[in-house]
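In: sequence and predicted structure are below.
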2 protein chains.
Amino acid sequence: MDTVPKFDDLFISHFADLVRWRRDVRRFRREPISSELLETIINFASLSPSVGYSQPWRFVCVRNPNLRSAVRNNFLACNVAALESYEDERAAHYAKLKLAGLDEAPEHLAVFCDMETQVGHGLGRQTMPEMLEYSAVISVHTLWLVARAYGLGVGWVSILEPAEIKKILGAPSGWKLIAYLCIGYPEEEHLDPELSRNAWERYRKQEILIR
Amino acid sequence: MDTVPKFDDLFISHFADLVRWRRDVRRFRREPISSELLETIINFASLSPSVGYSQPWRFVCVRNPNLRSAVRNNFLACNVAALESYEDERAAHYAKLKLAGLDEAPEHLAVFCDMETQVGHGLGRQTMPEMLEYSAVISVHTLWLVARAYGLGVGWVSILEPAEIKKILGAPSGWKLIAYLCIGYPEEEHLDPELSRNAWERYRKQEILIR
């Protein structure tokens, strides 16, 4: 429809719920996601803003068990290294956190940025070349929100070596890994962020500076 | 409210409209934004996901006319340099685009990432340190969507030198500029992206790769 939509208070209140209830999910039911739904949320992501309309997001569904297993091994190695960087109580706390749902999530989606795309003719990224990556990051967030609206949970796994994952997946040389996502129906819905309910970190109210 | 929200088809259809009608706005009415509304959309942005719950987003409202004028001059210089990078028809086309609404927008909001924050205890950013910046990027997108729901337009100006803007605004040394935003009520609502309606670039349907 091409009539200008009006977003009323009820919509805004539901949208606020969506933002507040979007969570980084690490506990998934094994129930599969239909390929139509997966395509729907990826197509939504493609409607994100991008610098110079460059649309640099690239999506790779990882289904091959050998590839998934290689990704999982990379996660495990990185997670051990991360654990070793903490000491005493903080290390014990870290060891107890569940940080990825790679085993249970029915879908793994790798999101790349095509660093060499000519789409958009370079507009808006001469002084801020990082805008290209930022555009791909934003597509992840769009996908995350719409997934949640459809009752799906998304977990962003960053305890990985991006160059290694790129190699495992055989991605083109000009692509950069932005996000490795686990997607599936969550075991549980909750309002408090995972790291807040597990007392790792708490909400910080931001002061707005005026200049 | 703490009961798990259900997002029905009607909500999803309105959310699709929000995603589709969110635009990068460069033409603003001069009508001011209430400070309550500005605070509301910034508080929404603070509910975004962040690596390790690090919440690294920092918001600076730029009101001082001298600072705004310095930002504007930086944009103008960068835009001339950008124009010089194009040739022939592409240069003529670039010259005709309106790429920022710095003069008309009632609010300028600079979004920084606190690169030195200890919040989150470094979780999730050992192998992907860029996750910190990505978190701040995502807060911009949350703000953008909620602003649109409230009838506001946002324009992301990236034709700027980030280090120069940081200096102009006197931001702390550990902060990195992520986005310089113009915010206000748009002159017009439209569905087609600015660079699509001006024939700079067109929509590209993404193929989903399976591995």
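Out: It's in.

In: ok, longest strand in chain A?
Out: strand A:175-184 (DSSP state E).

In: each with direction, which strands does that strand pair with?
Out: Its sheet considered, strand A:175-184 pairs with strand A:107-114 (antiparallel), strand A:153-157 (antiparallel) by DSSP bridges.

In: deepest of those, which one?
Out: Comparing the strands paired with strand A:175-184 by mean neighbour count (mean count of other Cβ atoms under 10 Å in any protein chain shown), strand A:153-157 ranks first with a mean of 26. C-beta: built from backbone N, CA, C; applies to glycine.

In: list of residues touching it?
Out: With contacts defined as Cβ atoms under 8 Å, 6 or more residues apart in numbering or on different chains, strand A:153-157 is touched by A:23-26, A:28, A:75, A:99-102, A:105, A:140, A:143-144, A:147-148, A:179-186, B:49.

In: near chain B, anything from stretch A:129-140?
Out: Yes - on the criterion Cβ under 8 Å from any Cβ of the partner chain, stretch A:129-140 is in touch with chain B at A:Glu130, A:Met131, A:Glu133, A:Tyr134, A:Val137, A:Ile138, A:Val140.

In: list the buried residues for that stretch?
Out: With burial defined by 16 or more other Cβ atoms under 10 Å in any protein chain shown, the residues of stretch A:129-140 counted as buried are A:Glu130, A:Met131, A:Leu132, A:Glu133, A:Tyr134, A:Ser135, A:Ala136, A:Val137, A:Ile138, A:Ser139, A:Val140.

In: can I get the CA coordinates of stretch A:105-114 in CSV?
Out: Only the C-alpha atoms of stretch A:105-114 are listed here, as CSV (Å, rounded to 0.1, in the frame of the first residue of the first chain):
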residue,chain,number,x,y,z
ALA,A,105,19.3,-23.6,16.9
PRO,A,106,17.6,-25.0,13.7
GLU,A,107,19.1,-22.2,11.6
HIS,A,108,22.5,-20.6,11.4
LEU,A,109,22.7,-17.4,9.4
ALA,A,110,26.0,-15.7,8.6
VAL,A,111,25.7,-12.1,7.6
PHE,A,112,28.6,-10.6,5.5
CYS,A,113,29.3,-7.2,4.2
ASP,A,114,30.5,-7.0,0.6
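
In: just how off-centre is that stretch within its chain?
Out: Taking Cα atoms, centre = their mean, to the nearest Å, the mean C-alpha location of stretch A:105-114 is offset from the chain mean by 8 Å.

In: so which helix or strand of chain A has the lowest pLDDT on average?
Out: Of all helical and strand segments in chain A, the minimum by mean pLDDT, DSSP states H and E falls on helix A:194-197, at a mean of 90.

In: quick one: is it near chain B?
Out: Yes - using Cβ under 8 Å from any Cβ, helix A:194-197 reaches chain B at A:Leu195, A:Ser196.

In: what lies in contact with that helix?
Out: Contacts of helix A:194-197 from elsewhere in the structure, counted by Cβ under 8 Å, 6+ apart, are A:23-26, A:97, A:190, A:201-203, B:52-53, B:120, B:123.

In: hmm, 7 Å instead?
Out: A:Arg23, A:Asp24, A:Arg26, A:His190, A:Glu201, A:Arg202, A:Tyr203, B:Gly52, B:Tyr53 (Cβ atoms under 7 Å, 6 or more residues apart in numbering or on different chains).

In: surely the last one meets B:Gly120?
Out: The reference is to B:Tyr53. Yes - counting by Cβ atoms under 7 Å, a contact exists between B:Tyr53 and B:Gly120, whose distance comes to 5.3 Å.

In: overlap in contacts of those two?
Out: When contacts are counted by Cβ under 7 Å, 6+ apart, the set common to B:Tyr53 and B:Gly120 consists of A:Glu201.

In: hang on, the earlier thing: list the buried ones in the longest strand of chain A?
Out: Residues of strand A:175-184 classed as buried under the neighbour-count rule (16+ other Cβ under 10 Å) are A:Trp175, A:Lys176, A:Leu177, A:Ile178, A:Ala179, A:Tyr180, A:Leu181, A:Cys182, A:Ile183, A:Gly184.

In: can I get those in JSON lines including pLDDT?
Out: Putting the buried residues of strand A:175-184 into JSON lines (pLDDT from 0 to 100) gives the following:
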{"residue": "A:Trp175", "pLDDT": "98"}
{"residue": "A:Lys176", "pLDDT": "98"}
{"residue": "A:Leu177", "pLDDT": "98"}
{"residue": "A:Ile178", "pLDDT": "98"}
{"residue": "A:Ala179", "pLDDT": "98"}
{"residue": "A:Tyr180", "pLDDT": "98"}
{"residue": "A:Leu181", "pLDDT": "98"}
{"residue": "A:Cys182", "pLDDT": "98"}
{"residue": "A:Ile183", "pLDDT": "98"}
{"residue": "A:Gly184", "pLDDT": "98"}
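
In: how close does the most centrally placed residue in chain A get to B:Tyr134?
Out: The structure's chain A has its C-alpha centroid closest to A:Trp156; by Cα atoms, centre = their mean the separation is 4.1 Å. To B:Tyr134, A:Trp156 is 9 Å away according to Cβ to Cβ, to the nearest Å.

In: next one: A:Arg90
Out: A:Arg90 sits 24 Å away from B:Tyr134, taking Cβ to Cβ as the criterion.

In: same check on A:Tyr185?
Out: Counting by Cβ to Cβ, the gap from A:Tyr185 to B:Tyr134 is 25 Å.

In: then A:Ser139?
Out: A:Ser139 sits 12 Å away from B:Tyr134 when distances are taken as Cβ to Cβ.

In: one more: A:Val80?
Out: 24 Å.

In: columns mean pLDDT on top of the strands paired with strand A:175-184, output as JSON lines?
Out: Rendered in JSON lines, the data for these read as follows (pLDDT from 0 to 100):
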{"stretch": "strand A:107-114", "mean pLDDT": "98"}
{"stretch": "strand A:153-157", "mean pLDDT": "97"}
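
In: how about stretch A:194-211 as PDB, C-alpha atoms only?
Out: Coordinates of each C-alpha in stretch A:194-211 appear next as PDB, following Å, rounded to 0.1, in the frame of the first residue of the first chain:
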ATOM      1  CA  GLU A 194      20.300 -12.500  29.400                       C
ATOM      2  CA  LEU A 195      23.400 -10.800  31.000                       C
ATOM      3  CA  SER A 196      21.300  -8.800  33.300                       C
ATOM      4  CA  ARG A 197      19.300 -11.800  34.700                       C
ATOM      5  CA  ASN A 198      22.600 -13.600  35.100                       C
ATOM      6  CA  ALA A 199      24.000 -10.600  37.000                       C
ATOM      7  CA  TRP A 200      26.900 -10.000  34.600                       C
ATOM      8  CA  GLU A 201      26.000  -6.400  33.900                       C
ATOM      9  CA  ARG A 202      23.200  -4.000  34.700                       C
ATOM     10  CA  TYR A 203      21.200  -1.300  32.800                       C
ATOM     11  CA  ARG A 204      22.900   2.000  32.600                       C
ATOM     12  CA  LYS A 205      20.800   5.100  32.200                       C
ATOM     13  CA  GLN A 206      22.400   7.400  29.600                       C
ATOM     14  CA  GLU A 207      22.900  11.100  30.300                       C
ATOM     15  CA  ILE A 208      22.200  13.200  27.200                       C
ATOM     16  CA  LEU A 209      24.900  15.800  26.700                       C
ATOM     17  CA  ILE A 210      24.100  19.200  25.300                       C
ATOM     18  CA  ARG A 211      26.700  21.100  23.400                       C
END
